[in-house]
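1. Requesting a structural model of the entry that follows:
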Amino acid sequence: MLARNAVVLPGPARGIAGAFVVVAACGALGCGAEPAGEALETPGDTSPYHILLTNDDGIESPGIQDLAAALREVGEVTVVAPCGERSGSSMSILLGQEVRLRTFPEGHCVDATPAGAVLFAADALAPESGFDLVVSGINRGANVGEVSHMSGTVGGAMMGAYLGMPAVAASLGNPSGGFGYAARTVARFAAELRRRGVEAGVVYSINFPVGTAEDASGIAARAMGGQYIKVEYEEVTGDGAEEASADEGVRLFRPRFERPDPYPAGSDSEAYGEGFITITPLRFDWTDRPTVDALEGWDLEALLEDGEDGR
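-> Presented below is the predicted three-dimensional model:
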């Protein structure tokens, strides 16, 4: 079990893409299997490379442990994850309460969301030079399409982007074959990011559709696309023979996942459905800049004028 060392983090924020490129199936990222522990190619820069690793499935998830082992071939890894599952938490953080950080053999955990874990770790556990990369995952289940906005896995990585670091979110749709090959592929991708010195503030969301490298169709860089979350409901009704229940007339809602039909052309959902590992670059800034320009053409001051009733 886990050790019981703990410190309280009382910080001020406690609790707070069209065309595509297809890469050969086992090209630059080398998605095939190799012996565990085989060193990855490193850049000429031999200075320490600090990686912050989180997830939304909890500190004891095999996905984060396999990924931590693979990333240690790329740099120094600090694991800070939620103590339990926080799926669907997006980029939310907890407000108005202290958050306790516990130290375990697997790393550190906090009773917080993935985004919160990254926020606290960047403030309290970062080396003097700061973290160079944030990685979130490997999640059980895919995060393709617009469901990414709700994903705790993507939310943890997006907090890294918000704090000015490049970030990776990794998800595996079918973990029946284990997380090993996905972890090794993510580690190669991280090594490539290190070598290239990529721009900070971008989240690379990587989704693996199948449990083994041999079953993947290849790797495709695609734009986000596809709505997956549907809602169904039913009303609670009596049988007519009994006294009405206090719940009668209440609607019971059940959010569920349903694949879009058809997939948006050229989207990550389409490529994922065809068996491709997908890479989708995301940004924290959601601003629709053409609409900002369009709004400048409105008579916005008129919105402040009093009506006939003086309000």
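
2. quick one: contacts for the spatially most central residue of the chain?
-> The centroid of the chain falls nearest to residue 154 when counting by CA atoms, centre = their mean (1.6 Å). Neighbour list for residue 154: 90, 136, 143, 148, 169, 203, 205, 282 [criterion: CB atoms under 8 Å, 6 or more residues apart in numbering]. The C-beta positions use only the backbone N, C-alpha and C, and glycine is treated the same way.

3. Now do the helices in the stretch 51-200 of the chain.
-> Taking DSSP state H, counting those that start in this stretch as the test, the helices found in the stretch 51-200 of the chain are 62-71, 114-124, 152-162, 180-196.

4. now, of those, which is deepest in the fold?
-> helix 152-162 (a mean of 29; mean count of other CB atoms under 10 Å).

5. least trustworthy helix or strand in this structure by mean pLDDT?
-> Counting by mean pLDDT, DSSP states H and E, the chain has its least confident helix or strand at strand 21-23, which shows a mean of 34.

6. thinking again about what came up before, as a markdown table, the contacts of residue 154 with neighbour count would be great.
-> A markdown table is the format used below for the contacts of residue 154 (neighbours: other CB atoms under 10 Å):
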| residue | neighbour count |
| --- | --- |
| 90 | 19 |
| 136 | 35 |
| 143 | 32 |
| 148 | 26 |
| 169 | 34 |
| 203 | 26 |
| 205 | 26 |
| 282 | 20 |
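
7. ok, back up a step: distance to residue 257 and mean pLDDT added to the helices of the stretch 51-200 of the chain, as TSV?
-> Listed next are the helices of the stretch 51-200 of the chain as TSV, based on distance: least, CB to CB, whole Å; pLDDT from 0 to 100:
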stretch	distance to residue 257	mean pLDDT
helix 62-71	19	96
helix 114-124	20	94
helix 152-162	15	95
helix 180-196	20	96
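
8. possible to save these as TSV with distance to residue 269?
-> Formatted as TSV, those follow (distance: least, CB to CB, whole Å):
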stretch	distance to residue 269
helix 62-71	22
helix 114-124	23
helix 152-162	15
helix 180-196	19
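
9. For residue 260, which of these is the nearest?
-> In terms of CB to CB, the element of the helices of the stretch 51-200 of the chain nearest to residue 260 is helix 152-162, at 18.2 Å.

10. what's the distance between the residue nearest to the centre of the chain and residue 102?
-> Here the criterion is CB to CB, to the nearest Å. By it, residue 154 lies 25 Å from residue 102.

11. Equivalent analysis for residue 276, please.
-> Applying CB to CB to residue 276 and residue 102 gives a distance of 38 Å.

12. Residue 297 too?
-> In this view, residue 297 and residue 102 are 54 Å apart by CB to CB.
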